[in-house]
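Trainee: can you look at this prediction? I've put the sequence above it.
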Amino acid sequence: MATTSGTPATPATSSGPPGGAAAAARGARRTERLLNLVIALSATRRWLTKEQIRTAVPQYADCATTVAFERMFERDKEDLRELGVPLETGGEDPLFEDEAGYRIDREAYALPEIRFTPAELAVLSLASRVWQQASLAGPATRALVKLRSLGVEPDESSLIGVEPRVRTAEPAFDPLYAATRDRTPVSFTYRRAGGEPATRHVEPWAIVSWHGRWYLVGHDRDRDDSRVFRLSRVASAVKRIGRAGSYEVPEGIDPREIVAGTVGPTTTRRARLLVRSGAGLTLRRRARTVEAGEREDVVVVDVSDVEMSADELAAYGADVVVLEPPELREAVLRRLRGAAGQPAADPAGGPA
């Protein structure tokens, strides 16, 4: 099965040779076209004619003439065969041998049976918590829709794993991951624990998951030193402030070691919540104590990360009110004000 690589691609920059960016763009379009062709030929057990393939693959539909399509398709067939993709030619009805069809031999294309040791299975199980969902890119999804419109029912089970994506709750994850991949400096507002928000200018090196939280490791330009940033504390949109490939990641660094040495052991604190009767069942299950009231109950839970806990508690809306600690209460109110389109309140003022 074709999969996307986890290795960051080398970005095209203006400092490269003339035409380098254009060549990189052409290469990216060719790669996308070949991937879409593989998807179209793998997603069905039927033979697909050239016209069906031309309709299903977006890049072929852009060909101005049939001759241009024929030339491109012939080149792509040879490329796939050189890559070891078992492309077959045949047809459903021997009476119409002139109407050639194409498909990929899925049995020959599939990986052989793989056996894992218990330790390897444990690692894969942990990895599956990060790679939570496999999904198709937009053009590939459109190709499947077009196949259905042509009367070809795709077998989407054969496409699982084409494009794994990491799912996180932090809005900053996607832009920071992209900046890390492209080696592009960024700026963002960062809220330190117990401190005032401040703008940081960073050259991202890596993103690391550590004890259930996501961290950015990079070079802080303002402090001229390496720093670790918890993604849940990024309080603004992430902005690119330079061109791709404008810095190099130091050799020999271990991002996880940097995070472990910076973050240290996880600490927890108690939070007192006023929870409406019959609501907050998840909170009640992990509560240390529950003090029953007439209409609301006081629920005490452990909190290790204020921002992550605020995301969870804000989702309960009016069913949950934070009594303490004050920083958790303010973090929840900040989210509720944002959802309501209200400006941030003065910290000295009353609740929203």
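Mentor: Alright, I've got the coordinates.

Trainee: give me the low-pLDDT residue ranges for the chain?
Mentor: 1-25, 92-99, 110-114, 116, 118-169, 212, 264-266, 342-352 (pLDDT under 70).

Trainee: what's the domain layout of it?
Mentor: 20-165, 173-263, 269-340 (automatic domain parsing).

Trainee: OK, contacts around R240?
Mentor: Shown in contact with R240 (CB atoms under 8 Å, 6 or more residues apart in numbering): A179, T184, P185, V186. Placement of C-beta: from N, CA and C, glycine included.

Trainee: which of these fall in strands?
Mentor: Of the contacts of R240, the ones assigned to strands by DSSP state E are V186.

Trainee: excluding covalently adjacent residues, which one is nearest to V234?
Mentor: Take V234 and drop its neighbours on the chain: the residue closest to it by CB to CB, 6 or more residues apart in numbering is A172, 3.9 Å away.

Trainee: now for that neighbour: which residues touch it?
Mentor: With contacts defined as CB under 8 Å, 6+ apart, A172 is in contact with F188, L216, L231, V234, V238.

Trainee: run the last query once more with 7 Å
Mentor: F188, L231, V234, V238 (CB atoms under 7 Å, 6 or more residues apart in numbering).

Trainee: do the same with E196
Mentor: Applying CB under 7 Å, 6+ apart, one finds that E196 lies in contact with no residue.

Trainee: which helix or strand contains it?
Mentor: Here E196, judged by DSSP states H and E, is contained in no helix and no strand.

Trainee: what's stretch 202-209 in contact with?
Mentor: Contacts for stretch 202-209 (CB under 7 Å, 6+ apart): 130, 176-177, 179-180, 185-186, 214-221, 247, 249, 253, 255-256, 259.

Trainee: where do the strands sit along the stretch 1-150 of the chain?
Mentor: 87-90, 101-104, 133-134 (DSSP state E, counting those that start in this stretch).

Trainee: same question, the stretch 201-350 of the chain
Mentor: Going by DSSP E, counting those that start in this stretch, the stretch 201-350 of the chain shows strands at 213-220, 225-230, 239-240, 269-276, 289-291, 296-303, 320-324.

Trainee: ends of stretch 172-188, what's the gap?
Mentor: This stretch, stretch 172-188, spans 9 Å end to end (CA to CA, to the nearest Å).

Trainee: could the strands of the stretch 201-350 of the chain go into CSV alongside distance to W47?
Mentor: Below are the strands of the stretch 201-350 of the chain laid out as CSV (distance: least, CB to CB, whole Å):
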stretch, distance to W47
strand 213-220, 46
strand 225-230, 53
strand 239-240, 46
strand 269-276, 61
strand 289-291, 64
strand 296-303, 59
strand 320-324, 58
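
Trainee: deepest-packed of the ones you listed, please.
Mentor: strand 213-220 (a mean of 23; mean count of other CB atoms under 10 Å).

Trainee: follow-up on the earlier one: the contacts of R240: which two are farthest apart?
Mentor: Across those, no pair lies farther apart than A179 and P185, at 7.6 Å, counting by CB to CB.

Trainee: ok, these two, which is more surrounded?
Mentor: Between A179 and P185, counting by other CB atoms under 10 Å, A179 is the more crowded of the two (24 against 20).

Trainee: quick one: the helices in the stretch 1-150 of the chain, in order.
Mentor: Using DSSP state H, counting those that start in this stretch, the helices of the stretch 1-150 of the chain run over 20-42, 50-56, 58-61, 66-82, 106-109, 118-130, 138-149.

Trainee: can you point out the buried residues in the third one?
Mentor: Read that as helix 58-61. For helix 58-61, a neighbour-count test (16 or more other CB atoms under 10 Å) marks P58, Q59, Y60 as buried.

Trainee: before we move on, what about the second one?
Mentor: Of the residues in helix 50-56, those buried under the neighbour-count criterion (16+ other CB under 10 Å) are K50, Q52, I53, R54, T55, A56.

Trainee: bridged to S226, which residues?
Mentor: Per DSSP bridges, residues listed as beta-bridge partners of S226: H219.

Trainee: that one against V249, yeah?
Mentor: No - taking contacts as CB atoms under 7 Å, S226 lies outside contact range of V249: 10.8 Å.

Trainee: tally of neighbours for R191?
Mentor: The burial count for R191: 19, using other CB under 10 Å.
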